[in-house]
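Asks: Whatever this is, show me its structure:
(chains A and B)
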Amino acid sequence: MQTGTIISGTAHVALVAFAMVGGLDWWQDSLPEPRITTVTLIRAAELDVQSSAAPQVPMAEIDQIAQPEISIDSAIAPSAETAPNLTEIDQTATPDAADAEPDLSALVLPDQPELVVAAPTVDSMAPPSDTAPEIFQPALNGNELNAPVSMSRPPPPRNAPRVDATAAPKPPENAEQNTESAPEVSDQPGGEVESPPQDALAPQEATTEITPEGRTDVAISAFAPQSASRPPRRPARLRLPPAAPAQDDLQDEIGAAVQAAQEASQITPPVMADLTGEERAVIGDVVSAKWNKSNITGQENFEQYVVRITVEVNAGGRVEAVSPLEPATPSGIFDIAYRAARSAVLQADSAGGIPLPEGKFPNGVRLVLRFDPASGEIGFN
Amino acid sequence: MNQINYVITAVFVLLAGMAGAQERPTIEIDISGGVIEPMPVAVPDFVAETNGARRLSGDIASVVMADLANTGLFREIPGTAYIAGVTNFNAQPVFSDWSVVNVQALVTGAVSTGNDGQLVVKFRLFDVFAQQQIGEGVQYTGTQDNWRRMAHKVADTIYTRITGESGYFDSRVVFVSETGSKNDRKKRLAVMDYDGANLQYLTDDSSIVLAPRFASNGRDVIYTSYESGLPQVFLLNMESGRRTQLLEDATNMATAPRFSPDGTKVVMSIIEGSNTDIYAVDLSTRQRTRLTNSSGIDTTPSYSPDGSQIVFASDRGGSQQLYVMSANGGEARRISAGGGSYGTPVWSPRGDMIAFTKIRAGRFHIGVMRVDGSRENLLTASFIDEAPTWSPNGRVLMFFRETAGANGAPQIYSVDLTGRNLKRVDTPSFASDPDWSGVLR
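Replies: Now for the predicted structure:
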């Protein structure tokens, strides 16, 4: 009895002592040591910053400077250096009229993008080309992945199909001749061979929908379709194959475990649900409201920093994971853009989650969000 | 055997779960719009790891936060909103405490002093909602007197990690400090940190000085002085205080000097008779080379960052417009095409844009255009806005604005390249003609 008390007391004392000497800090989630970047801030060029007195100018050296021969009376007023601007104030009372016409001949206009307009082929007898039009490729700089589509030069229009006037190739020597006889064509009245009467091929109900223009007694809406046909169902995804038949006890247990796992996870048939335009807009608005573009729009050519991210969202609309999709490993400004996108999603999650339609995605949804900093921009004034 | 069963079951449950996840439909949505607003940032006081560092723990955090907020890209979450502070630099923050007050970026730091008096400042940056550290922790060391520069370094690193652009907080501005009435204005050169701190005067007010410009080494300044009665260009080494007149020939007036990017030359305007042309002066030989030869006034030249071209203002076409020519002179092409007149062009450190002063309909504007003259964008409008200068990263412009009237006086302002975030830079007196240095080393 006493032995147990002694052991317990000793253990408790040791634990308290351990805690007092900071042993519990071992459990704390400590961060790695910072990278040490020693910056030598001591430099002679510090200008005696701590004292606000003006430095002593070596007057002896100034005396060595040749003095100007022109007297101070003839000196130009000090404002001469900025005079052009000041004098312009008065002159610019009617500034535009006073300005001389710009010498446009001396003006070098910025390089205009080369317009490539594929002229229609004049030679209408040329055979239609099946080759794909040549696509303009902008200069590669490593960011093409996210280049806006408008960077591509529009492909030239294909030649319109025309009647091929070239002679048909001669048939091969061993070609079989068609033995079916066609009725002779005669230019004499009554010379044609009458064809047997044919039943109308068009369905009867289709003919009733042809309404003469002059018919006004029936409302047009009466012919409008009442409902759209259902789109064809997508093919169901492959289910997990059933467990192989057990060959021994271990395999029996594996099979049972698989079955139990399937039941536990309640694998449901593939959900082919999609979002309506309105539902997409609601989600887009929630994320967009948290998307801070201030660190992106100040970048040069910020339009190119388009990122796509994958967001795993559970059925309750809570974000489970965010990962970059395009670029897969963002770096540089793309990393800035990715972090802004990720932050928007995480803030939206923190503010209540992603507004998924209730009950529509029992397994959650994988959202691929595309953040285009140029969309919604009014433009550079 | 039972353990094996448990393992097998667990594996298959995991696989089944993954299979279930794969059953999710994939739906793609385009996100458009977005918002442009400052990012909420929290910079709690740095942890003082030694008693000697206690007085600086709050000051450093304040400078870091002020730097970030000055950009207009970040918004401070005040300390009164914090649920919890940071007491252990090496502990993982409780992100939920910060996300609930909408902090998106959290900066934690620590400061300590060593036995040798050296100050050690270290920090970490966190994405609160992603619950991740952004980059590694970084530690800086230096003298205690330089704690502001160390704070600027911390802010520069944070700015770079969040925006992808280089920072500009650890930089200085040389300008003309002005005192006295408008009719009797005293002017002298001064230099300060970009945020107005650490002001120091470089000359006295015995003569008028104009247009100081930094060399790329950050030690030399070139400026125009009227101490001899005529405008002449002087070189000043800020380390030694040594000052020399650039050209011995004092009979010709020289104005608007600016260093070449490599610091070996100075380009400037020299007035000979009634003609003003642009010259380049070799600093080692003091030999000058004439770059323009027109009957108009060619002035305020500025090199491109690679030193191959020069932009300048000239009235050779009738009104004052902007022209670009080779750094060796030769034919110049006009790039400004809008109405009004243009002056004080400055090439961006990025090389893609030119800032300028524009006068139109009696109003002054600070504007930017591409180097070919396209996409002109006016950022400001005022009675007088003049003399833009670029931040080291080419994202911000500083200029001076003078108010109208008998009591009108100049003050230095800054504005973002997009025209947002117009701010006045605090100076103890009136101030004009700013020039921004590069980032200090």
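Asks: okay, how far is it across stretch A:287-300, tip to tip?
Replies: 25 Å (Cα to Cα, to the nearest Å).
Asks: before we move on, what about stretch A:356-365?
Replies: Per Cα to Cα, stretch A:356-365 runs 9 Å from first to last residue.
Asks: What residues of it count as buried?
Replies: A:356, A:361, A:363-365 (16 or more other Cβ atoms under 10 Å in any protein chain shown). In this view, the C-beta of every residue, glycine as well, is placed from N, C-alpha and C.
Asks: Output those residues in CSV, with distance to B:Arg286 appended to each entry.
Replies: CSV is the format used below for the buried residues of stretch A:356-365 (distance: Cβ to Cβ, whole Å):
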residue, distance to B:Arg286
A:Leu356, 75
A:Phe361, 78
A:Asn363, 80
A:Gly364, 76
A:Val365, 74
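Asks: Strands - which of those land there?
Replies: If you go by DSSP state E, the buried residues of stretch A:356-365 have A:Val365 in strands.
Asks: which of the buried residues of stretch A:356-365 come close to chain B?
Replies: The residues of the buried residues of stretch A:356-365 that also fall near chain B, by Cβ under 8 Å from any Cβ of the partner chain, are A:361, A:363-365.
Asks: among those, which two are most distant?
Replies: Greatest spacing in those, by Cβ to Cβ: A:Asn363 and A:Val365 (7.9 Å).
Asks: what sits in contact with each of these two?
Replies: B:Arg24 (Cβ atoms under 8 Å, 6 or more residues apart in numbering or on different chains).
Asks: nearest to A:Ile283, of the ones next to chain B among the buried residues of stretch A:356-365?
Replies: For those, the nearest to A:Ile283 is A:Val365 (9.7 Å; Cβ to Cβ).
Asks: Show me what that closest one bridges to in the sheet.
Replies: A:Val365 has these beta-bridge partners by DSSP bridges: A:Val313.
Asks: what's near enough to touch it?
Replies: Here A:Val365 is in contact with A:313, A:356, B:24-27 (criterion: Cβ under 8 Å, 6+ apart).
Asks: Against B:Ser341, how distant is B:Arg363?
Replies: To B:Ser341, B:Arg363 is 12 Å away according to Cβ to Cβ, to the nearest Å.
Asks: Mind checking which of those two has more residues around it?
Replies: Taking other Cβ atoms under 10 Å in any protein chain shown, B:Arg363 and B:Ser341 do not tie; B:Ser341 has more neighbours (26 against 18).
Asks: right, and the more buried one touches B:Ile359 too?
Replies: Yes - using Cβ atoms under 8 Å, B:Ser341 is in contact with B:Ile359, at 5.1 Å.
Asks: A strand includes B:Ala130, no?
Replies: No - using DSSP: H, G, I helix; E, B strand; the rest coil, the assignment for B:Ala130 is coil, not a strand.
Asks: Give the burial count for it, as a bare number.
Replies: Residue crowding around B:Ala130 was assessed by other Cβ under 10 Å; the count is 16.
Asks: Surely it touches A:Leu346?
Replies: Yes - assessed by Cβ under 8 Å, B:Ala130 is found in contact with A:Leu346 at 6.1 Å.
Asks: Give me the common contacts of the two.
Replies: Joint contacts of B:Ala130 and A:Leu346 (Cβ under 8 Å, 6+ apart) are A:Val322.
Asks: Can you tell me the closest non-neighbouring residue to the spatially most central residue of chain B?
Replies: The residue lying closest to the centre of chain B (Cα atoms, centre = their mean) is B:Ser391, at 2.4 Å. Among residues not flanking B:Ser391 along the chain, B:Tyr168 sits closest, at 4.2 Å (Cβ to Cβ, 6 or more residues apart in numbering or on different chains).
Asks: what does B:Tyr279 give?
Replies: B:Arg288 (4.6 Å).
Asks: looking at it, the one you found is touching B:Glu272, isn't it?
Replies: No - under the criterion of Cβ under 8 Å, B:Arg288 is not in contact with B:Glu272, lying 11.3 Å apart.
Asks: Show me which of these two is the more surrounded one.
Replies: B:Arg288 (20 against 12).
Asks: Quick check: which ranges of the stretch 101-250 of chain B have low pLDDT?
Replies: B:250 (pLDDT under 70).
Asks: for it, what spans make up the strands?
Replies: All strands of the stretch 101-250 of chain B, identified by DSSP state E, counting those that start in this stretch, fall at B:105-113, B:118-127, B:132-133, B:138-143, B:172-179, B:186-193, B:200-201, B:209-214, B:220-225, B:232-237, B:243-245.
Asks: Would you mind putting those strands into TSV with mean neighbour count alongside?
Replies: As requested, the strands of the stretch 101-250 of chain B are arranged in TSV below (neighbours: other Cβ atoms under 10 Å in any protein chain shown):
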stretch	mean neighbour count
strand B:105-113	24
strand B:118-127	22
strand B:132-133	15
strand B:138-143	20
strand B:172-179	24
strand B:186-193	22
strand B:200-201	19
strand B:209-214	24
strand B:220-225	23
strand B:232-237	22
strand B:243-245	20
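Asks: Arrange those strands in TSV, one row each, with distance to B:Asn90 as further columns.
Replies: Below are those laid out as TSV (distance: least, Cβ to Cβ, whole Å):
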stretch	distance to B:Asn90
strand B:105-113	9
strand B:118-127	9
strand B:132-133	12
strand B:138-143	12
strand B:172-179	34
strand B:186-193	31
strand B:200-201	39
strand B:209-214	40
strand B:220-225	44
strand B:232-237	45
strand B:243-245	50
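Asks: Thank you kindly, that will do.
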